[in-house]
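Engineer: Please work out how this folds:
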Amino acid sequence: QVTVVESGGGLVQAGGSLRLSCAVSGRTFNRYAMAWFRQAPGKERDFVASTDRYGGTTYYGDTVKGRFTLAKDNAKNKVYLQMNSLKPEDTAVYYCAADLGPVATHDIVAAYHLWGQGTQVTVSS
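Structural biologist: The predicted model follows:
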């Protein structure tokens with residue numbers, strides 16, 4: 001059974017940085033398209049960033065473009081989300097998602113069948 005585990009969340013001041021990590025078990029990590037979503041209290045789960053199975057093409061949500069960077073390391077079975085210039089509105093639970101590629105619509109929740117438990121990111125003003 002494949003598992004997805006996020007780490008790296010925490011409390012940071014506005015303008016600061018955090019790096020989230022997502023580890024995926026199993027031997028077929030290089031076949032998975034990966035994504036990050038986030039969900040603030042009382043809101044829907046929103047797309048943050050995604051990449052194809054090779055890690056060569058990445059996409060970002062409009063609210064994080066230019067501040068967040070996603071990187072996929074197939075040798076380590078991990079995907080990272082570097083978050084810079086954080087804002088209070090970035091506060092949310094961040095979820096890592098995976099699915100055997102290719103993913104036709106990379107920015108919707110339904111496209112991914114494997115999810116982590118989430119990691120809390122809190123940005124104070």
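Engineer: Please export the C-alpha coordinates of stretch 78-89 as PDB.
Structural biologist: Output in PDB follows, covering the C-alpha atoms of stretch 78-89 (Å, rounded to 0.1, in the frame of the first residue of the first chain):
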ATOM      1  CA  LYS A  78      10.100  13.100  -2.300                       C
ATOM      2  CA  VAL A  79       8.500  16.300  -3.500                       C
ATOM      3  CA  TYR A  80       9.100  19.600  -1.900                       C
ATOM      4  CA  LEU A  81       7.300  22.900  -1.700                       C
ATOM      5  CA  GLN A  82       9.500  25.900  -0.900                       C
ATOM      6  CA  MET A  83       7.300  28.700   0.300                       C
ATOM      7  CA  ASN A  84       8.800  32.200   0.400                       C
ATOM      8  CA  SER A  85       7.400  35.700   1.200                       C
ATOM      9  CA  LEU A  86       4.600  34.000   3.200                       C
ATOM     10  CA  LYS A  87       1.400  36.000   3.900                       C
ATOM     11  CA  PRO A  88      -1.200  35.500   6.600                       C
ATOM     12  CA  GLU A  89      -3.600  34.400   3.900                       C
END
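Engineer: and stretch 72-89, how far apart are its ends?
Structural biologist: 25 Å (Cα to Cα, to the nearest Å).
Engineer: contact partners of it?
Structural biologist: With Cβ atoms under 8 Å, 6 or more residues apart in numbering as the test, stretch 72-89 has contacts from 12, 14-26, 29-30, 34, 36, 48-49, 51, 54-55, 63-64, 67-71, 90, 94, 96, 121, 123-125. For every residue, glycine as well, the C-beta is placed using N, CA and C.
Engineer: Just give the nearest non-adjacent residue to the residue most central in space within the chain, would you?
Structural biologist: Geometric centre of the chain, nearest residue: Trp36, 2.3 Å, by Cα atoms, centre = their mean. Leaving aside its sequence neighbours, Trp36 sits nearest to Val48 (Cβ to Cβ, 6 or more residues apart in numbering; 4.2 Å).
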